[in-house]
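Undergrad: Build me a model from this:
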Amino acid sequence: MSGPVLVGVDGSTSSMAAVEAAARQAERTGAELRLAHACGWPATGVAPGVPPWDPGGVRAHGSADGGLTEAGRRACSVAPGVRVTHAVLMGEPAEVLETESHRASLTVVGSRPVTRSGRGRRGSVAARLAVRGGSPVLMVRGGPDPGGPVVLACDDGYVGRQAADFAFTEASARETDVVVLNGLAARNGRPRGRSYDPLAALREQYPDVIVRSPRIRGGTRRAVIRASEHAQLVVIGTRCRGGWSAALPTTVSRVALRQADCPVAVFPE
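TA: Numbering: from 1, shown residues only. I've put the predicted structure just below:
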């Protein structure tokens, strides 16, 4: 992957957790960290002589500077060597991140609790980015188990190359295992066509990473949620689709982004 690690900043506790996760990811990959703060169009007029589309004008009327300063401090505290840039941009946050993601190697967002209506605003932002964004998306959520594995979930039976690469790289850096959950490609816990192993090259490249493929009961969606309770990270590869279905993330991705108990990375292939 090329380009900076992009993270949305709004000053909330969840976004600061996302900043720290993004900083660690940028440090591991040697990428730049880009902090993005989105400001909606002002409901009232701005000060005389300040155009409303001017980021400087927006900063004069909001707390963007304070939030970005704190985000930069958090980033430097967990990854001192990472180069950090920032931008204040006009627009709805999801649209801003979607646009900026086309120049990023990874887009990171935080998560907030589900509302009374059953909707999670940040979950919907992550789902939108997973479908329409220009980079993989990582949603920081739940309470990851620091001693747990990296879970590689094969969405609709598809083992995505980018997702697998990311899962093995993260597992090696974290000195942990990879747990592969592939409901459609498994029968009684054993891969179909054992002569073909889509992860063979990665097994050779990362001999330090132990790969486990447990038997799946109750479908991949339930297996992913159960596994996330004791995992550091869930990684899902999804296939690009056409027609009306292209506007929706696949089922396993959608469920994981809403219900997983640890961070979730989605890689559209």
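
Undergrad: what about residue 217, which SS state?
TA: coil (DSSP: H, G, I helix; E, B strand; the rest coil).

Undergrad: Could you pull up the residues touching the residue nearest to it when sequence neighbours are not counted?
TA: The spatially closest residue to residue 217, leaving aside those adjacent along the chain, is residue 223, at 7.2 Å (CB to CB, 6 or more residues apart in numbering). No exception for glycine: its C-beta is placed from N, CA and C like everyone else's. Contact analysis of residue 223 by CB atoms under 8 Å, 6 or more residues apart in numbering lists 153, 181, 183, 216-217.

Undergrad: Go through these and single out the one with the most neighbours.
TA: residue 153 (31 neighbours; other CB atoms under 10 Å).

Undergrad: in what helix or strand does the residue nearest to residue 217 lie?
TA: Applying DSSP states H and E as the criterion places residue 223 in helix 220-228.

Undergrad: residues of that helix that come out buried?
TA: For helix 220-228, burial by neighbour count (16 or more other CB atoms under 10 Å) applies to 220-221, 223-228.

Undergrad: Tell me which stretches of the chain form strands.
TA: Assigned by DSSP state E, the strands in the chain fall at 5-8, 33-39, 84-90, 106-109, 137-139, 150-154, 178-181, 186-187, 190-191, 211-212, 233-238, 264-268.

Undergrad: Quick check: which of those is nearest to residue 131?
TA: Closest of these to residue 131 is strand 264-268, at 7.2 Å (criterion: CB to CB).

Undergrad: Pull the CA coordinates from the closest one and hand them back as PDB.
TA: Taking C-alpha atoms only, strand 264-268 is exported to PDB below (Å, rounded to 0.1, in the frame of the first residue of the first chain):
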ATOM      1  CA  VAL A 264     -12.200  -4.500  12.200                       C
ATOM      2  CA  ALA A 265     -10.300  -3.900   8.900                       C
ATOM      3  CA  VAL A 266     -12.200  -4.300   5.600                       C
ATOM      4  CA  PHE A 267     -10.200  -4.700   2.300                       C
ATOM      5  CA  PRO A 268     -12.300  -4.400  -0.900                       C
END
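
Undergrad: and the angle for that strand with strand 233-238?
TA: 20 degrees (axes from the mean of the first three to the mean of the last three CA atoms, to 10 degrees).

Undergrad: Tell me what residue 138 is bridged to.
TA: Under DSSP bridges, the beta-bridge partners of residue 138 are residue 108, residue 265.

Undergrad: List the residues that contact it.
TA: Taking CB under 8 Å, 6+ apart, we find residue 138 in contact with 21-22, 25, 106-109, 263-266.

Undergrad: 6 Å instead?
TA: Applying CB atoms under 6 Å, 6 or more residues apart in numbering, we find residue 138 in contact with 106, 108, 265.

Undergrad: I'd like the distance between it and residue 218.
TA: 26 Å (CB to CB, to the nearest Å).

Undergrad: for the stretch 101-250 of the chain, what are the low-confidence residue spans?
TA: Low-confidence segments of the stretch 101-250 of the chain, defined by pLDDT under 70: 112-123, 155-158, 183-196, 240-250.

Undergrad: where do the helices sit along it?
TA: Assigned by DSSP state H, counting those that start in this stretch, the stretch 101-250 of the chain shows helices spanning 121-132, 161-174, 200-205, 220-228.

Undergrad: Nearest to residue 236, out of the ones you listed?
TA: When these are compared by CB to CB, helix 161-174 sits nearest residue 236, at 6.3 Å.

Undergrad: The closest one - contacts with which helices or strands?
TA: Applying 3 or more CB pairs under 6 Å, 6 or more residues apart in numbering; DSSP states H and E, one finds that helix 161-174 contacts strand 150-154, strand 233-238.

Undergrad: tell me which residues of it are tucked away?
TA: Under the neighbour-count criterion of 16+ other CB under 10 Å, helix 161-174 has 163-172, 174 buried.

Undergrad: Quick check: closest non-adjacent residue to residue 67.
TA: That would be residue 11: by CB to CB, 6+ apart, it lies 3.7 Å from residue 67.

Undergrad: and of the contacts of residue 223, the nearest to residue 86?
TA: Proximity of those to residue 86 (CB to CB) peaks at residue 153, which lies at 32.8 Å.
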